[in-house]
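Asker: only geometry, no sequence info:
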């Protein structure tokens, strides 16, 4: 009679199982219903179920306690405890004295929140394949029996097939979602030229299909020496320095160096890991390449160990392929915008600098004066000027600042402004240069400086008084051919506030001339690496000293260009000639 009742009960359970399995194909709902069925079938206090994923070292276990409405989840290493033993050996087991069985897993007891007195565990095998494991904990009557085992084994095939089918359906839906997402992302990326929009699309779209806590896109610098983060999500403020890496440094730097992806189940077990997020336990880094040319990497980190697998790698790789062309296009667009903005700034700076320079050579009785400035780029750090002070007194200045481009032009703007201001307030040349020096010391960053020569031509008395502040030596060629150099002065400007400056007066006779120049004239090299130098400059001046001031400047310029190697990168070139006529 008892066997008949058990047989009838089993039949009812099988019918109920068939009804449940035919009523839902949603994976999580199916697992919930299976757990409720197991609780009822063997009158247990709790039930557990998991599907074996052969590509992962851990398993996701779902469990339900009798009376609960919500299914809970935790993860355990594959092979741990009784469920791990059953999964590995594919044999059912009944344990009515867990304390005496070494296979008992205390972690299960901690997760369930109840003491484990008895358990029954059955492998789920469907269509000849190991699908997973189901376990019942604490039989209400105290002990599990072979009859309970028979019931679970009777339900085994239905549960296994149902779980496997629901999993396959879930995978198909996930694949469809991923394809749709990749398609939509591809359309959005193709229509965007904004770098930030492109990077945001990449990471936000990945978030829909791959769980991560922090992530970022990193670019490899053109010199292939460093990798820098250009867009990140989730990191705390103040970790920017940790996200700027050398090639080969950290997991990101390793992938940038090798162009090979990495999956790290436990970052604390990997010596290459650089901590930027304290909660990170696992990480995946995938290269972004175009035609085998690496341009960057995608880095995702999870606070859960073993968060990423080969499937994650395949999906991120697909995203990286979609993103590569769009990312490079956005970078090129941003570079073009940056270049355009820089060109606009350079044009403005060049206009300002041109306003600094004389529009034409001055007309001074008994003298022929001329200046020439050829900038390396649109702006430079050279400066010359003819300054009208009072009748028959003309200020002559030439200067060169450290550096090149806009920074050098800004330094020179500060020098010019200070010089003009002090010329208006003082007559003594050494006083003017000392005050300009102090002003530059206050305004320039360490390492920046200005070399200059400033003098005043008294055209009525034919006296030139000057101060050379660390500049290239101006060349004075007398009418009879003798050569002198203008050495008197002081140190370079903007370095030390306590520099001492002196001036010297020269009497100019008819036919005498002075050539002022910057290092762009003499520091020019030929194909053999030989420097143009001061000696050649003096020779060309002497050979052309009877020419007009403008003609002499042209002769010097042509000589320097003819001497220079085809590969020589010219510096700014500036010259001034002062020639007494009568």
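Answerer: Received it, and whenever you're ready, just let me know what you need. Since this is a predicted model, take the numbers as computed values, not measurements.
Asker: which ones are touching the residue nearest to residue 97 when sequence neighbours are not counted?
Answerer: Spatial nearest neighbour of residue 97, chain neighbours left out: residue 118 (7.9 Å); criterion: C-beta to C-beta, 6 or more residues apart in numbering. Heads up, the C-betas are built off the backbone N, CA and C, glycines and all. By C-beta atoms under 8 Å, 6 or more residues apart in numbering, residue 118 lies in contact with 94, 95, 96, 97, 98, 137, 138, 139, 142, 143, 144.
Asker: unless I'm mixing things up, residue 48 is touching residue 83, no?
Answerer: Yes: taking contacts as C-beta atoms under 8 Å, residue 48 lies within contact range of residue 83: 6.8 Å.
Asker: so what sits against both of the two?
Answerer: The contact sets of residue 48 and residue 83 overlap at 61, 108, 133, 135 (C-beta under 8 Å, 6+ apart).
Asker: And for the first one, the neighbour number?
Answerer: The reference is to residue 61. The burial count assigned to residue 61 is 23, neighbours taken as other C-beta atoms under 10 Å.
Asker: For the helix or strand that contains it, name the packing helices and strands.
Answerer: Residue 61 is part of strand 58-65 when elements are defined by DSSP states H and E. With contacts defined as 3 or more C-beta pairs under 8 Å, 6 or more residues apart in numbering; DSSP states H and E, strand 58-65 has these neighbours: helix 27-42, strand 44-51, strand 72-77, helix 81-89, helix 106-112.
Asker: Partner strands of that strand, with direction?
Answerer: Neighbouring strands of strand 58-65 in its sheet, by DSSP bridges, are strand 44-51 (antiparallel), strand 72-77 (antiparallel).
Asker: Quick one: distance of that strand to the chain centre.
Answerer: 41 Å (C-alpha atoms, centre = their mean, to the nearest Å).
Asker: Would you mind getting the angle between it and helix 27-42?
Answerer: Put simply, strand 58-65 runs at 50 degrees to helix 27-42, going by axes from the mean of the first three to the mean of the last three C-alpha atoms, to 10 degrees.
Asker: mind listing what's buried in strand 58-65?
Answerer: Buried residues in strand 58-65, counted by 16 or more other C-beta atoms under 10 Å: 58, 59, 61, 62, 63, 64, 65.
Asker: and for that strand, what are the contacting residues?
Answerer: For strand 58-65, using C-beta under 8 Å, 6+ apart, the contacting residues are 31-32, 35-36, 39, 45-53, 71-78, 83, 87, 111-114, 305-306.
Asker: List the buried residues for stretch 122-140?
Answerer: Buried residues in stretch 122-140 (16+ other C-beta under 10 Å): 122-126, 130-139.
Asker: and residue 385, helix, strand or coil?
Answerer: Following DSSP: H, G, I helix; E, B strand; the rest coil, we place residue 385 in the strand state.
Asker: give me every residue that touches the nearest residue to it once chain neighbours are set aside.
Answerer: Residue nearest to residue 385 in three dimensions, not counting chain neighbours: residue 397, with 4.6 Å by C-beta to C-beta, 6+ apart. With contact taken as C-beta under 8 Å, 6+ apart, residue 397 is in contact with 383, 384, 385, 387, 419, 452, 453, 454, 455.
Asker: swap in residue 510?
Answerer: The contact partners of residue 510, by C-beta under 8 Å, 6+ apart, come to 479, 580, 581, 582.
Asker: neighbour-wise, which of those residues leads?
Answerer: residue 580 (21 neighbours).
Asker: Please verify my assumption that it contacts residue 507.
Answerer: No: Residue 580 is beyond contact range of residue 507, at 9.9 Å (criterion: C-beta under 8 Å).
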